[in-house]
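Colleague: Sequence and predicted structure, then a few things I'm wondering about:
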There are 2 protein chains.
Amino acid sequence: MDLSGFLAVARGDEPADVALRNGRVFDVFTGETIEADVAVAGGRIVGMGGDYEAKEELDVAGLVVCPGLIDSHVHIESSMVIPYQFARAVVPRGTTTVIADPHEVANVAGKAGVRYMLSASEGLPLQVLVALPSCVPATRMGTAGAELTAEDLLSMADLPRVVGLAEFMNVPGAVLGLPGALEKLEAFQGRVIDGHAPGVSGKWLQAYVGAGPGSDHECTTTDEMVEKLRLGMYVFLREATGAKNLRDLLPAITESNSRRCAFSTDDRHAADLIEEGHVDYLVRLAVSEGLDPATAIRMATLNAAEWFRLHDRGAVAPGKRADLAVFTDLKDFHAAMVVAGGRVVARDGEPVGDWTQPEAGDLAVRDSIHVDWDKVSLEIPARGERARVIGVSPDQIVTQHLVESPKVAGGLAVADVERDILKIAVIERHRRTGNVGLGFVRGLGLKRGAIGGSVGHDAHNLTVAGCDDVSMMTAARAIGEMGGGLVAAAGEEVLASLPLPIAGLMSDQHLEAVRLQTDCLVTVAHELGSELSDPYAILAFLPLEVIPALKLTDQGLVDVEKFDFVPLWAD
Amino acid sequence: MDLSGFLAVARGDEPADVALRNGRVFDVFTGETIEADVAVAGGRIVGMGGDYEAKEELDVAGLVVCPGLIDSHVHIESSMVIPYQFARAVVPRGTTTVIADPHEVANVAGKAGVRYMLSASEGLPLQVLVALPSCVPATRMGTAGAELTAEDLLSMADLPRVVGLAEFMNVPGAVLGLPGALEKLEAFQGRVIDGHAPGVSGKWLQAYVGAGPGSDHECTTTDEMVEKLRLGMYVFLREATGAKNLRDLLPAITESNSRRCAFSTDDRHAADLIEEGHVDYLVRLAVSEGLDPATAIRMATLNAAEWFRLHDRGAVAPGKRADLAVFTDLKDFHAAMVVAGGRVVARDGEPVGDWTQPEAGDLAVRDSIHVDWDKVSLEIPARGERARVIGVSPDQIVTQHLVESPKVAGGLAVADVERDILKIAVIERHRRTGNVGLGFVRGLGLKRGAIGGSVGHDAHNLTVAGCDDVSMMTAARAIGEMGGGLVAAAGEEVLASLPLPIAGLMSDQHLEAVRLQTDCLVTVAHELGSELSDPYAILAFLPLEVIPALKLTDQGLVDVEKFDFVPLWAD
């Protein structure tokens, strides 16, 4: 609809497409809740008030019409479903815009991965905006499937729906002005650059902010949050599956600083999305903890829109996108109806109406497991008495750097189930390099069999841990045969699996289906002896060479404090 | 300074250019006042805190370091000085950025006028950003020197320092989607469009907002202001010389809506700038009326920066421009020191340091008075009994539509000093058309002589009123000989004058000099019999054919309610 046609409706000369009648509108600009109809035309809000004629009438009596919610930072891949399925899960909760960082798929497929996420979300009721992954690969100590240079990133900066640069994790690179990092920051000066600076403070934080990053979703304390706010950073309060910071940070929010606060779900697994919700859950949680509902809604709408310079959304006002979350109240925040681009797309938590799956060319991100199995051996010759062992703690991605004497049999170091020292292998799966990182891990608790997956942050190589090589190889090969996924195996038998054929990271099934298969995988792992709530989630972070203390990539063991490789044998 | 060099200073490896020591920093993000040094390098803020080495030390003990103030909407021409002189007057008050709408000079010289304002402000300590004049000419009922089409405007939209489109005064054009107006709005969709919608409300206001304009500085009541805020408009509280709205609007500001409020000086004359101040005066006035100082400062800094998408300013924070207003306190707001682009540019109300006047090519805006005097006759043949008379009220630009019987002598209608019915002439001065609009005016109060000027909104033709044709012609010709200006004359003698050689609107003298000459002109007008506080200011608006009720352009009398010409003779 052109401006002329829009104005005809706005003046009342032509009927609106849709009118939401009898509701209360939450006005983010004044904090008021105002009784007013809302008229929509051409996917945009025409006006509020009682006297617009409309072709379609929607009765929203007793409900509160809010702007659609915005997730300021999310990795869709962490839900393990493609954007279409993700959208069908979160839009009915009231989310109409996400700033997605396709960091995981980019580590597998580079620019093609980013392009896939854009095309796979084209035209969805969920506006999937993309912040470009700034740090692919995470380091040179693991073998990722791709690299994104400053030039690569800049070549995508002006694509539709690209908002800027995502979480700039390379803090030393930024502060020290190291090559690569500096080029990326220079390339994006003047654009939106999201930050990622856990625990960084003082001069380093100021230098980091001065270098460009203007937001952060990694705060864990109110002191850290206030320091960042003072420097002008937007702070996204995060409540992910693994990292839950919202409750800790709420006390720092004041009337004076709240306009710089927003919400991030970062990484939320299927079960949490289904059981708790998406941004609606963060809003609900914040309000239940005492935050003023008006402030909470603004954090989920206007504030995020302002940081990302999305001048067309974040409010129920003339000319804005007609993205509306119609909630039962400002306490429970159950979305009775969701309107996206002027269409009703969900009611009572379920998608309704036309939800055409985008025709995304996904060839570049399918068939992403490339392993020459003849080169893969999991044997660890015993070359010493004392070996380094990755120590796992429940619900932590930080590990311990242990040293133990492994069990030896036939000249080989092997798993020792009695002492919960299992073998772990990270098998390069992008380029058939034949790289296999081998080591030991304590804390997974398996008494037999093996578990594994093609989700292994950030390089996403095959990561398998188990009690014997046969089970581990069964798991690894099964993952390969599925084109990626999660597997539990014992001996030569696959006990449970979840195929993740898209980049080895995402399923194209419903989120519910993924959730059921994940539950099944966890149940099997528990039957195999593990007591961790989700051993696959823990396993997926054991290759992440930027999180302390001891990690394993396809290239070997990494002492994260030293930021360098260390030998398996400690003697 | 490149990013690498900036980071070296930020880390503390290299000394800063300047450090402001021992002050208190006002943090716009949290509303706190924090004891901290401020380090500056390469014209940008490096960081806060005590341990940055610096090449130059500035002691600001006891003072409050605020971001430089931003005027969200101003016509520099209204001060009657060129940008250089304007900057020297307002920067010492703490203003470091203005959003200037060169509407007046554009009415005289079109694109060349806009370009002149940009080049004449290039490199000044005052950042003169330009919002492009959206409505030149105001109407077709007066003869302006130029027209700016949608195409003209778009051709300038991406020039450095251009922020968008200025006050979109053509409300009917926007709402009704009329040609010209619609094209301009379409051309600037997605960019900043400032509004101008005095008294507009309801559906028309919503349509107007939906069409693009997102701010307004014309509110006169709190109800009007709240309605506009609710629709997402930024509201600039204006305190001009002629239109003083700040006190009336302050009660509408709440914690919840204040982030959408800012300040505008719009049109402030020399005397007010000197006696009261600039944005500092608005801040001071607001605080003295009870507004929280933190809110007031934000309105003058962060809020304005956010609306105009000036992500590089509006706060004292790493990476932002080092534009700082260092105030004695948060009550009187006297700027003890002003830093612009990292340099100290004013102290204690006076410019200091290097203030090079930009080398602006001003040929296109000099010599702007083009009148074929042989064609000019001020005689009004008596063609009836009753004539329309413009009724002037003190300090009002709105006039009355009167009908009187003018004095007749020798077949000509002439001024009648006894009844305070003077003659008024608007002489086209751009294109030698020979157009002369003639009429009568009551309320100026001259008992002899004439006053006149080349400032005559918006077309800025020569506007002269007086008691006899000889005095009027003396004034008119004197204006022409000066290349523009204001004049008081009696008989064949010029009694006082102010040359305005730049477009007939601006002097290149100091603001103080302009003020003294203006005072002199007013004194003379008083001696000639006028009792108006500034009869030249009133006279300058008598040609403005969009302000009720009866106005005179070079093309004739305009009944503004009918939006059409009316004959002088009412019979």
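Modeller: Sure, I can see it.
Colleague: what residue is smack in the middle of chain A?
Modeller: Residue closest to the mean C-alpha point of chain A, counted by C-alpha atoms, centre = their mean, is A:H75 at 2.1 Å.
Colleague: mind listing what that residue touches?
Modeller: For A:H75, the contacting residues are A:A100, A:D101, A:P102, A:H103, A:E104, A:D266, A:D267, by C-beta atoms under 8 Å, 6 or more residues apart in numbering or on different chains. The way it works is simple: take the backbone N, C-alpha and C, and place the C-beta from them, glycine included.
Colleague: need those in CSV with neighbour count, secondary structure and pLDDT, can you?
Modeller: Formatted as CSV, those follow (neighbours: other C-beta atoms under 10 Å in any protein chain shown; DSSP: H, G, I helix; E, B strand; the rest coil; pLDDT from 0 to 100):
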residue, neighbour count, secondary structure, pLDDT
A:A100, 28, strand, 98
A:D101, 26, coil, 98
A:P102, 30, coil, 98
A:H103, 25, helix, 98
A:E104, 27, helix, 98
A:D266, 23, strand, 96
A:D267, 21, coil, 94
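Colleague: from these, which single one is nearest chain B?
Modeller: Closest approach between the contacts of A:H75 and chain B, by C-beta to the nearest C-beta: A:D101, at 20.6 Å.
Colleague: how about that closest one, what does it touch?
Modeller: Under the criterion of C-beta under 8 Å, 6+ apart, the contact partners of A:D101 comprise A:H73, A:V74, A:H75, A:V130, A:A131, A:L132, A:P133, A:A166, A:E167, A:D194.
Colleague: got the residues of the stretch 201-350 of chain A near chain B?
Modeller: The stretch 201-350 of chain A comes close to chain B at residues A:202-204, A:206-207, A:209-212, A:226, A:229-232, A:254-257, A:259-260, A:294, A:306, A:309, A:311, A:315, A:317-320, as judged by C-beta under 8 Å from any C-beta of the partner chain.
Colleague: Within the helices and strands, which one has the closest residue to A:S530 other than its chain neighbours?
Modeller: Spatially, and ignoring its direct neighbours in sequence, A:S530 is nearest to A:G445 (4.3 Å; C-beta to C-beta, 6 or more residues apart in numbering or on different chains). Taking DSSP states H and E as the definition, A:G445 sits outside all helices and strands.
Colleague: Surely A:G445 is in contact with A:R419?
Modeller: No - A:G445 is beyond contact range of A:R419, at 11.4 Å (criterion: C-beta atoms under 8 Å).
Colleague: who's more crowded, these two?
Modeller: Set A:G445 next to A:R419 and count neighbours by other C-beta atoms under 10 Å in any protein chain shown: A:G445 wins out with 18 against 14.
Colleague: Tell me which residue in the stretch 401-550 of chain A sits closest to chain B.
Modeller: Taking C-beta to the nearest C-beta, the stretch 401-550 of chain A has A:V546 as its residue nearest chain B, at 21.0 Å.
Colleague: That residue and A:V114, how far apart?
Modeller: For A:V546, the distance to A:V114 (C-beta to C-beta, to the nearest Å) stands at 21 Å.
Colleague: The nearest residue to A:S201 once chain neighbours are set aside - how many residues pack around it?
Modeller: Across the structure, with C-beta to C-beta, 6+ apart as the measure, the residue nearest A:S201 apart from its sequence neighbours is A:E227 (5.6 Å). The number of residues packed near A:E227 is 18, by other C-beta under 10 Å.
Colleague: ditto for A:V546
Modeller: Residues contacting A:V546 under the criterion other C-beta under 10 Å number 17.
Colleague: give the contact list for it.
Modeller: Residues near A:V546 by C-beta under 8 Å, 6+ apart: A:A138, A:T139, A:M169, A:D458, A:V560.
Colleague: What confidence value was assigned to the residue of the stretch 401-550 of chain A closest to chain B?
Modeller: The pLDDT attached to A:V546 in the predicted structure is 89.
Colleague: now do A:D51
Modeller: pLDDT recorded at A:D51 is 87.
Colleague: Then A:A243?
Modeller: Per-residue pLDDT puts A:A243 at 87.
Colleague: Was I right to think it contacts A:D266?
Modeller: Yes - in this structure A:A243 lies within contact range of A:D266 using C-beta under 8 Å: 6.6 Å.
Colleague: For the stretch 51-200 of chain A, which residue gets nearest to chain B?
Modeller: Taking C-beta to the nearest C-beta, the stretch 51-200 of chain A has A:G177 as its residue nearest chain B, at 4.4 Å.
Colleague: Look up how far A:G142 lies from that residue.
Modeller: Per C-beta to C-beta, A:G177 is found 24 Å from A:G142.
Colleague: Model confidence for the residue nearest to A:H430 when sequence neighbours are not counted, exactly?
Modeller: Beyond its immediate neighbours in the sequence, the residue positioned closest to A:H430 (C-beta to C-beta, 6+ apart) is A:G145, lying 3.6 Å away. Here, the pLDDT recorded for A:G145 equals 97.
Colleague: Then A:G361?
Modeller: 87.
Colleague: quick one: it is in a helix?
Modeller: No - counting by DSSP: H, G, I helix; E, B strand; the rest coil, one finds A:G361 to be coil, located in no helix.
Colleague: got a list of what the residue of the stretch 51-200 of chain A closest to chain B touches?
Modeller: Taking C-beta under 8 Å, 6+ apart, we find A:G177 in contact with A:A211, B:L3, B:S4, B:L7, B:A8.
Colleague: Quick check on the third one: phi, psi?
Modeller: If I follow you right, that is B:S4. In terms of degrees, to the nearest 10, the main-chain angles of B:S4 are phi -60, psi -50.
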